[in-house]
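Chemist: Task: produce atomic coordinates for the following.
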Amino acid sequence: PIVMLGPDLRVRRFTSAAEKLLNLVPADVGRPLVDLKLNLDNLTDLESLLAEVLDTVRVKDREVRDKDGRWYSLRLRPYKTRDNKIDGVVAVLIDVDALKRANAYTESIVATVREPLLVLDANLRVRSASDSFFQTYRVAPEETIGRPLYDLGNGQWNIPELRRLLEEVLPQASRVEDFEVEHEIETIGKKTMLLNARRLVQGSGPSPSILLAIEDITARKRAETDLKASEARYRRLFEAAKDGILILDAHAATITDANPFIAEMLGYSQDEFKGKELWQIGLFEDVEASKAAMRELQEKRYIRYEDLPLETKAGRRINVEFVSNVYGEDGNAGIQCNVRDITQRRETEQALTKALVYADDIIATLREPFLVLNVDLRVKTANRSFYDSFHVTEGETENRLVYDLGNGQWDIPALRTLLDRVLSRNESVHDFEVEHTFPSLGRKTMLLNARPFPSDSKHPELILLAVEDVSAVRERADELVEANTRKDEFLATLAHELRN
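Modeler: Residues are numbered from 1 along each chain as shown. Model (predicted):
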């Protein structure tokens, strides 16, 4: 896990491993690291540590634990620009949990001598060594003191690069710094080390000693490799992203990089983007609108336009979602703009809006009462015919439970049966006959049609309910039956009289 900070100790970039370990999110870029709730314990002095790294330009190490109790080695080191200016701090977390628990002396190594030290005589025999050396390279004092350096640990220090340093380079200079050596050490595996050597003249004696400091930078090199790999992965993602991405110089507000997707979206080559301002590629109406957006971005460090009209190089109008944020600080600040083509989404939304209006118009035009219920059986909408037929108002109906309408007059057992059948079986029901006495309308006979929507879903979102009042039809039918009965009785009586 690696986190890169700017000189003001705000988050500039972090690896995916750091995101998982420290519970970071993309929105944390640009925020002070000390303000974030990191997934780490015993790190209350993080701010002073970071300040010390910048002030002393020295690496700081600290062992920390995450909330689950797992140990990590936190290395804070300054990093420099090409012109040798301090430009921030790199925080590297190395998982040392297994080593921490397996080797009790790790804490004392960190607490005392950070780097292993050897003092050699003129014949390159070990005169003395720090505890750190013994502990780091797992050798005992009796196996080390007084022995030739190249014989230590079964010859594991007989390293060609080390020989060249001590026998060729150092005699020509009083000190050598950051001499890098990579070697497979029998007891600890492959290591990359930085060697600092200095000749120490003791009074007028003819045999100066050599102080050899050994810094294990294996983790750092691995972290640098990981960082390069992360940058390479970012570049691959940048190139392969299915959203348009623009990188701008924060001060000049000009485009410095563009990914292939936005080049295809707008019809420019990637080179044509470079050096242009956003208004010059159609993102804003004119230079003033572009400058206003940049001022807002510099102030808020984040802007978002959900529906921004844009014109391609060929003059085609499209709609885009535009999100931009500032990352980094001062001389290294940059701007990333994400541009997503939402033209099809907008067209779909417009078509949906028209379809919903069309459906509402159909419902409003129906002569029979019509209700739209949600799955909680609350009324989403009803048509004018329903209000007029059952003497209720829109305010008394919408968002009310259907069984509570009209002081409970729709709490009809047969209706409950119908709606339960529609919901539980997800099936349509036609010509379901219900008889009920309404306090204000009297006895009514109704035919109900109910359909779940969407009809092909296991979990419908709506119920469409059509109500046809057939009371008058049924009354006329009953009257006709009664008239026919009377007629038949009259004819039978007449026939009987004629026979007599």
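Chemist: Against which helices or strands is the helix or strand hosting Glu184 packed?
Modeler: When secondary structure is defined by DSSP states H and E, Glu184 falls within strand 175-185. Identification of packing neighbours for strand 175-185 by 3 or more CB pairs under 8 Å, 6 or more residues apart in numbering; DSSP states H and E yields helix 160-164, strand 189-200. C-beta: built from backbone N, CA, C; applies to glycine.
Chemist: packing partners for the helix or strand hosting Asp271?
Modeler: Assessed by DSSP H and E, Asp271 sits inside helix 270-273. With contacts taken as 3+ CB pairs under 8 Å, 6+ apart, helix 270-273 sits against strand 255-258, helix 260-266.
Chemist: how far does stretch 263-271 stretch from start to finish?
Modeler: 9 Å (CA to CA, to the nearest Å).
Chemist: For it, could you pull out the residues that count as buried?
Modeler: Going by neighbour count (16 or more other CB atoms under 10 Å), the buried part of stretch 263-271 is Ala263, Met265, Leu266, Tyr268.
Chemist: Next, the residues that contact that stretch from outside, please.
Modeler: 244, 257-260, 273, 281-282, 310, 312-314, 318, 339, 341 (CB atoms under 8 Å, 6 or more residues apart in numbering).
Chemist: Please identify the buried residues of stretch 62-81?
Modeler: For stretch 62-81, by 16+ other CB under 10 Å, it's 62-66, 70-78.
Chemist: could you give the mean pLDDT of that stretch?
Modeler: Taken as a whole, stretch 62-81 has an average pLDDT of 85.
Chemist: Return it as PDB; C-alpha atoms alone will do.
Modeler: Extracted in PDB, the C-alpha atoms of stretch 62-81 (Å, rounded to 0.1, in the frame of the first residue of the first chain):
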ATOM      1  CA  ARG A  62       6.800   3.600  12.400                       C
ATOM      2  CA  GLU A  63       5.100   0.300  13.200                       C
ATOM      3  CA  VAL A  64       1.300   0.600  13.200                       C
ATOM      4  CA  ARG A  65      -1.600  -1.700  13.600                       C
ATOM      5  CA  ASP A  66      -4.800  -1.700  11.700                       C
ATOM      6  CA  LYS A  67      -8.200  -2.000  13.500                       C
ATOM      7  CA  ASP A  68      -7.900  -5.800  13.200                       C
ATOM      8  CA  GLY A  69      -4.600  -5.800  15.100                       C
ATOM      9  CA  ARG A  70      -2.400  -6.600  12.100                       C
ATOM     10  CA  TRP A  71       1.000  -4.900  12.100                       C
ATOM     11  CA  TYR A  72       2.400  -2.900   9.300                       C
ATOM     12  CA  SER A  73       5.700  -1.000   8.900                       C
ATOM     13  CA  LEU A  74       4.900   2.600   7.900                       C
ATOM     14  CA  ARG A  75       7.700   4.300   6.100                       C
ATOM     15  CA  LEU A  76       7.400   8.000   5.400                       C
ATOM     16  CA  ARG A  77      10.000   9.400   3.000                       C
ATOM     17  CA  PRO A  78      10.400  12.700   1.200                       C
ATOM     18  CA  TYR A  79      10.500  12.700  -2.500                       C
ATOM     19  CA  LYS A  80      12.000  15.200  -4.800                       C
ATOM     20  CA  THR A  81      11.200  16.700  -8.200                       C
END
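Chemist: Start the count at 29 instead of 1 going forward.
Modeler: With 29 as the first residue, the last one maps to stretch 90-109.
Chemist: Residues contacting it, please?
Modeler: So stretch 90-109 is contacted by 29, 32, 49, 67-71, 77-78, 81-82, 85-89, 114-125, 128-129, 134-135, 138, 247-248, 251, 360 (CB under 8 Å, 6+ apart).
Chemist: what about the strands in the stretch 229-378 of the chain?
Modeler: Secondary structure of the stretch 229-378 of the chain (DSSP state E, counting those that start in this stretch): strands at 237-244, 272-277, 283-286, 330-339, 345-355, 362-369.
Chemist: One more: the stretch 379-528 of the chain?
Modeler: 398-402, 407-410, 457-466, 470-481, 490-497.
Chemist: can you list those in a markdown table and add mean pLDDT, mean neighbour count and distance to Pro169?
Modeler: Below are the strands of the stretch 379-528 of the chain laid out as a markdown table (pLDDT from 0 to 100; neighbours: other CB atoms under 10 Å; distance: least, CB to CB, whole Å):
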| stretch | mean pLDDT | mean neighbour count | distance to Pro169 |
| --- | --- | --- | --- |
| strand 398-402 | 91 | 19 | 81 |
| strand 407-410 | 92 | 19 | 85 |
| strand 457-466 | 87 | 13 | 92 |
| strand 470-481 | 88 | 17 | 84 |
| strand 490-497 | 89 | 19 | 83 |
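Chemist: Let's have the ones you listed in TSV, adding distance to Leu37.
Modeler: Converted to TSV, the strands of the stretch 379-528 of the chain look like this (distance: least, CB to CB, whole Å):
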stretch	distance to Leu37
strand 398-402	51
strand 407-410	53
strand 457-466	67
strand 470-481	56
strand 490-497	54
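Chemist: Quick check: which of these is nearest to Ala168?
Modeler: strand 398-402 (78.8 Å; CB to CB).
Chemist: show me what contacts Arg412?
Modeler: Ala392.
Chemist: how close does it sit to Pro397?
Modeler: Distance, Arg412 to Pro397, by CB to CB, to the nearest Å: 9 Å.
Chemist: Okay, buried residues for the strand holding Glu212 please.
Modeler: So, applying 16+ other CB under 10 Å, buried residues of strand 203-213: Val204, Phe207, Val209, Ile213.
Chemist: Pull up the pairing partners for it, direction included.
Modeler: strand 217-228 (antiparallel) (DSSP bridges).
Chemist: Would you mark the buried spots in the partner strand?
Modeler: Lys219, Thr220, Met221, Leu222, Leu223, Asn224, Ala225, Arg226.
Chemist: can you put these in CSV and add pLDDT and distance to Arg514?
Modeler: Output for the buried residues of strand 217-228, formatted as CSV (pLDDT from 0 to 100; distance: CB to CB, whole Å):
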residue, pLDDT, distance to Arg514
Lys219, 85, 115
Thr220, 86, 114
Met221, 84, 119
Leu222, 85, 119
Leu223, 84, 124
Asn224, 85, 124
Ala225, 83, 129
Arg226, 82, 131
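Chemist: From these, pick the one nearest Arg261.
Modeler: Thr220 (22.7 Å).
Chemist: which residues does the closest one contact?
Modeler: With CB under 8 Å, 6+ apart, Thr220 has these contacts: Glu208, Val209, Glu210, Asp244, Ile245, Thr246, Lys249.
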